[in-house]
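**Q** Got a predicted structure plus its sequence, pasted below:
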Amino acid sequence: MSFFYIFFFLISCLGLYFASELMVKGLMRVARFLGWREFVVAFFVMSFAASLPNFFVGIFSAFHKIPILSFGDIVGGNVIDLTLAIAISALIAKGLPTDSRMVQSSSVFTFIIALLPLLLILDGVLGGGDGIVLILTFMLYNFWLFSKKERFVKAYEEGTVSRIKEFKPFLRDVGYIFLGLIILLLSAEGIVLSSKFFAYFFRLDIALIGILIVSLGNALPEIYLSVSLAKRGQTWMILGNLMGSVIVPATLVLGIVSLIAPIRIPDFSPFVIARFFLIISALFFFFFVRSDRKISKREAVFLLLIYIAFVLIEILFR
């Protein structure tokens, strides 16, 4: 029975990965067809698409009365985004430029928002009031994000094919997006059911499963997308995608989940290590972005070592 659920979990993770890849590619082509702005694509569309696995896992975990799985997923996922994902992208791209005012300003929001859920749950509960605070924070960030008209000057373009010739592919891409949503729904349900079984059968804390396992599976889309952008030399989009992938789950997703089912943590021990490493990851990410106007290969290796230390300590001290 346990092998079946392990296989079921792996298939569900692959489903999340391929569905997210399908949706991101479809959204990018739709963005080109509709003439959306580069800024919207980089800081809004991609991060939202990459956060969909967190959203669906969060919704299903709330309905199954284990919303703590979503909290662990997002805490672990934020550590991954701020260390592993950025490190791999910077190593492939031989450094990530951080000199734009947009990236510099967003790094402040990213640092604060990554730690905000940890502050709100210090009383042991992330309830409806906290959920409203998180959603309002998300709205405030987006109000600031879209307040500057100069961010909407350049349209996102990847080719010169006319829109008339692209209409049929456009409809096909819309179909791919809806197909990706269906696969995401099924995969998220599979991950939640598998996680419940692992917690019971292996006597593991459901929060730990979210922190180490589910978070890595859900982080695959943004890692894949960041690597693809690094290979294409579109490094300016990588940090926008990854910072958005931290902000959207930590505010909108957790806010919605806590409104559906309050997240209660009677025992903080499963989160001690993860909370420490999230604070460390956020601090060094903020420092590296603001220091030399570039995340260098050396800094990328340091972030990678933080993630490796996080995983090893979580495993060894259980």
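**A** Cool, got the structure.
**Q** so residue 236 touches residue 97, yeah?
**A** Yes - here residue 236 reaches residue 97: they are 6.7 Å apart, a contact under Cβ atoms under 8 Å. All C-beta spots, glycine's among them, are computed from the backbone N, C-alpha and C.
**Q** ok, residue 167 - how many residues close by?
**A** By the criterion of other Cβ atoms under 10 Å, residue 167 has 11 neighbours.
**Q** how close does it get to residue 22?
**A** 20 Å (Cβ to Cβ, to the nearest Å).
**Q** does residue 116 sit in a helix, a strand or a coil?
**A** For residue 116, the assignment made with DSSP: H, G, I helix; E, B strand; the rest coil gives helix.
**Q** That one contacts residue 134, correct?
**A** Yes - assessed by Cβ under 8 Å, residue 116 is found in contact with residue 134 at 7.0 Å.
**Q** So for these two, which sits in the more crowded spot?
**A** Taking neighbours as other Cβ under 10 Å, residue 116 and residue 134 compare with residue 134 leading, 25 against 18.
**Q** For the more buried one, give its distance to residue 257.
**A** 9 Å.
**Q** more crowded one of residue 236 and residue 97?
**A** Under the neighbour definition other Cβ under 10 Å, residue 236 and residue 97 were set side by side, and residue 236 has more, 17 against 14.
**Q** what's the helix or strand for the more buried one?
**A** helix 235-248 (DSSP states H and E).
**Q** Quick one: list the elements packing against that helix.
**A** On a contact count with 3 or more Cβ pairs under 8 Å, 6 or more residues apart in numbering; DSSP states H and E, helix 235-248 meets helix 46-63, helix 86-93, strand 96-97, helix 101-120, helix 128-145, helix 215-232.
**Q** Save the ones you listed as a markdown table, and put in distance to residue 190 and mean pLDDT too.
**A** Formatted as a markdown table, the helices and strands packed on helix 235-248 follow (distance: least, Cβ to Cβ, whole Å; pLDDT from 0 to 100):
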| stretch | distance to residue 190 | mean pLDDT |
| --- | --- | --- |
| helix 46-63 | 9 | 86 |
| helix 86-93 | 26 | 93 |
| strand 96-97 | 34 | 88 |
| helix 101-120 | 25 | 90 |
| helix 128-145 | 26 | 93 |
| helix 215-232 | 11 | 82 |
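**Q** Quickly compare these and say which is most buried.
**A** Comparing these by mean neighbour count (mean count of other Cβ atoms under 10 Å), helix 46-63 ranks first with a mean of 25.
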